[in-house]
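In: would you be able to build a 3D model of this:
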Amino acid sequence: MLQLSNGVPIVPGNLASEANFLDLHGALYGRKIPYTDRIFTVITVYGRLAQSAGPGILAALGATRARRLNLDLKGLLKGMDPQSLHPMFTFVTHLDLFDSLHRGPHVAHLIDHLSLFPALTHLAFFQGNREATQVSSRCRKLEALIGFYTLLPDPRHLRSIDDSRFVTMNVSEDDYVMEWVISTRGGWDFWARADAFIQKRIKGEIEPSWRCWIKEGDGI
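Out: Next up, the predicted model:
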């Protein structure tokens, strides 16, 4: 079932031109998506998409100008030229990856593609501190780089990330879903919290200066 962010099921009769947010978790790995053409005509400018899909959805997504995406990039990039950027990513500023950047042969491929995103300023992914350093050096326009963990590791393992743009956060599966809903409503989501923390870090308000996680007392 596909639904708008307010929970209304998507059927031909209730698509509205003001629809800005779309959850496509039902569109798994190349499966035919009902009403795809009509769905993507209503989110060509303001869309924030959350989806887990394979290359079969690229043709439909390519017609959008979505600025915020939540997706499994590895699944979409199978067989794609790492030196060629798909049009669907041209306007993306906030990219929340379901992928883990924690080692593996796919990591270099992912980083090659991420470096091609012309508008990307915010990136989130699961784990991978060493790889985060590679991303930050390749994606120079990044303002925020978030590493998600279901359980935050020993802080001693996080000190090597010497980049004020890097933030680590705990997030459970339930919290993750709620974060997306909060984001669609313009609320205080993890992107906003990361931005606030980074600004405090740049101003020297975070101690010790190498700390890259938010804690009680930061006022965030």
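In: strands along this structure, start to end?
Out: Here the chain has its strands, by DSSP state E, at 3-4, 21-24, 48-51, 68-71, 94-100, 122-126, 144-149, 166-170.
In: is residue 112 in contact with residue 83, as I believe?
Out: Yes: because the distance of 7.3 Å satisfies C-beta atoms under 8 Å, residue 112 is recorded as touching residue 83. Where C-beta positions appear, they are placed from N, C-alpha and C, glycine not excepted.
In: low-confidence stretches in this protein?
Out: Residues of the chain meeting the criterion pLDDT under 70: 1-64, 74-82, 99-106, 127-131, 150-161.
In: what's the burial count for residue 83?
Out: When neighbours are defined as other C-beta atoms under 10 Å, residue 83 has 9 of them.
In: contacting residues for it?
Out: With contacts defined as C-beta atoms under 8 Å, 6 or more residues apart in numbering, the neighbours of residue 83 are 112, 116.
In: just residue 191 next, same as before
Out: The neighbours of residue 191, taking C-beta under 8 Å, 6+ apart as the test, are 94, 122, 124, 144, 146, 183.
In: again, only this time at 6 Å
Out: Under the criterion of C-beta atoms under 6 Å, 6 or more residues apart in numbering, the contact partners of residue 191 comprise residue 122.
In: could you check how far it is from residue 145?
Out: As for residue 191, its distance to residue 145 is 11 Å (criterion: C-beta to C-beta, to the nearest Å).
In: what do these two both touch?
Out: Shared contacts of residue 191 and residue 145 (C-beta under 6 Å, 6+ apart): none.
In: which one is residue 67 nearest to, not counting chain neighbours?
Out: Closest residue to residue 67 in three dimensions, ignoring its sequence neighbours and counting by C-beta to C-beta, 6 or more residues apart in numbering: residue 93, at 5.1 Å.
In: how near is residue 120 to residue 94?
Out: Between residue 120 and residue 94 the distance is 8 Å, computed by C-beta to C-beta.
In: revised request: answer the last question for residue 133.
Out: In this structure, residue 133 and residue 94 are separated by 21 Å, where distance is defined by C-beta to C-beta.
In: neighbour count for those two, which is higher?
Out: Set side by side, residue 133 and residue 94 show more neighbours around residue 94, with 20 against 16, by other C-beta under 10 Å.
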